[in-house]
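Student: Structure for the following, please:
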Amino acid sequence: MSIGFSVQDPADAYGCTLPIASRRGRLRLGSVVGSLVDDRRAALKVGRSVVYTAEAECTGCELHMGRRYMQRDDTGIPEGVCIGVSACLLGYKVRYDGGHRRKAFIADTLSRQAHLVPVCPEVECGLPVPRETLHLAGDPRRPRLVGTATGRDRTHRMTTWVARRLQQLEKENLDAFIFKKKSPSCGLMQVKVFSEAGQVAGRGQGVFAERFMAHFPRLPVAEEDGLNDPRQRENFITRIVVLKNWYKTLSGGRTRDRLADFHGRTVLPLRSLSPQLVRAMGTLLLPGENRCCSALYRAYETQLMAALRFRPTRCASLYGNVAVNNHPGKVGPS
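Tutor: As a prediction, the model looks like this:
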């Protein structure tokens, strides 16, 4: 049986009933060509690699694409991935009141697929549990970390610890980090900054989160709420997998064939981020391009990092946090 159909985004096909085209051709989702494995499953391929397997059921002139089957695990994360996580999200009782903010997806599902590194800035810098609440105060562009009840400034204690901890985290070879939202130490954005009069003077980033992102500019980062939405969660995982594969490609030597193979395996997930940049990346691999390998890889990497900055939906809890500049611990060979 030959079946052909087309949709704008492969993710849109899952759970949908699609008409079967009468024209000849193979199974097609956007630019991804696949084939029916049997009467129940459809395999979608990029090059030689199976990237998705979906349950497929043919009924008359329709094909129903059921739930998505991930090739490797429940989340799509390959082996060897290491993710830093705010410790309270894993169930550690480290919050100011002795509680936690455990998230089942992170603590149960993600922990089975990746190595998770718990980090609690406030406890690790020496503050007790329980403790007074902290908040950001002063200039929103460079706020201080102070106690809500006593006004005691904890900024120096925190920044001194952060400098040491970042050096330690380099050795963990992190692939991403998940932060606790609105935390004065871990919030990625929209953390309230108060004036001396106790009024909200602006919004900023947590002390640890800001310095972490500056130290590891390429690492994908997210707040826990951004992972509640399946599409945003998949976007976050896509960034992790693409960067992991990129570093692996660089470590194996720089040849045109290796770059073409990486592009073939990566084109589908990247299309959901920025189709225009993916096309630009593809033009670099055309036969007429006469760049040397070093220049070709630099140009491709620039486009790749730009593509990873894009987000498919507006969300204050999910960020690309990627930059072209190198950073310690997570870059390929120059």
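
Student: Next, please give the residue ranges for the strands of the stretch 101-250 of the chain.
Tutor: 115-119, 134-137, 144-147, 176-179, 191-194, 200-204, 221-223 (DSSP state E, counting those that start in this stretch).

Student: For this structure, which helix extends over the most residues?
Tutor: Using DSSP state H to define each element, the chain has its longest helix at helix 230-251.

Student: so what secondary structure elements neighbour that helix?
Tutor: strand 176-179, helix 256-271, helix 293-309, strand 318-319 (3 or more Cβ pairs under 8 Å, 6 or more residues apart in numbering; DSSP states H and E). In this view, the C-beta of every residue, glycine as well, is placed from N, C-alpha and C.

Student: change it to 6 Å
Tutor: helix 256-271 (3 or more Cβ pairs under 6 Å, 6 or more residues apart in numbering; DSSP states H and E).

Student: buried stuff in the helix it packs on?
Tutor: Of all the residues in helix 256-271, those buried under the rule 16 or more other Cβ atoms under 10 Å are 258-259, 261-271.

Student: hmm, back to that, for the strands of the stretch 101-250 of the chain, give me a markdown table that also has distance to residue 240.
Tutor: Listed next are the strands of the stretch 101-250 of the chain as a markdown table, based on distance: least, Cβ to Cβ, whole Å:
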| stretch | distance to residue 240 |
| --- | --- |
| strand 115-119 | 12 |
| strand 134-137 | 29 |
| strand 144-147 | 29 |
| strand 176-179 | 5 |
| strand 191-194 | 24 |
| strand 200-204 | 26 |
| strand 221-223 | 10 |
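
Student: Residue 250 is nearest to which of these?
Tutor: Nearest to residue 250, of all these, is strand 176-179, at 18.2 Å by Cβ to Cβ.

Student: Sheet-wise, list the partners of the closest one with their directions.
Tutor: Strand 176-179 has its sheet partners listed here by DSSP bridges as strand 82-86 (parallel), strand 221-223 (parallel).

Student: Please parse the protein into its domains.
Tutor: Per automatic domain parsing, the domain ranges recorded for the chain read 10-69, 82-215, 237-319.

Student: Return the most buried member of the ones you listed.
Tutor: domain 82-215 (a mean of 18; mean count of other Cβ atoms under 10 Å).

Student: What's the end-to-end length of it?
Tutor: End-to-end distance of domain 82-215 (Cα to Cα, to the nearest Å): 17 Å.

Student: need the buried residues of helix 256-271 in a markdown table with pLDDT and distance to residue 201, can you?
Tutor: Formatted as a markdown table, the buried residues of helix 256-271 follow (pLDDT from 0 to 100; distance: Cβ to Cβ, whole Å):
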| residue | pLDDT | distance to residue 201 |
| --- | --- | --- |
| 258 | 92 | 51 |
| 259 | 92 | 48 |
| 261 | 90 | 51 |
| 262 | 91 | 46 |
| 263 | 90 | 47 |
| 264 | 87 | 50 |
| 265 | 84 | 47 |
| 266 | 84 | 43 |
| 267 | 80 | 45 |
| 268 | 77 | 45 |
| 269 | 77 | 40 |
| 270 | 79 | 39 |
| 271 | 78 | 41 |
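
Student: Tell me what residue 137 is bridged to.
Tutor: residue 144, residue 194.

Student: got a list of what it touches?
Tutor: Residue 137 makes contact with 144, 146, 194, according to Cβ atoms under 6 Å, 6 or more residues apart in numbering.

Student: next one: residue 271
Tutor: By Cβ under 6 Å, 6+ apart, the contact set of residue 271 is residue 278.

Student: Turn the strands of the stretch 101-250 of the chain into a markdown table, columns for mean pLDDT.
Tutor: What follows is the strands of the stretch 101-250 of the chain, written out as a markdown table (pLDDT from 0 to 100):
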| stretch | mean pLDDT |
| --- | --- |
| strand 115-119 | 96 |
| strand 134-137 | 97 |
| strand 144-147 | 96 |
| strand 176-179 | 97 |
| strand 191-194 | 96 |
| strand 200-204 | 93 |
| strand 221-223 | 94 |
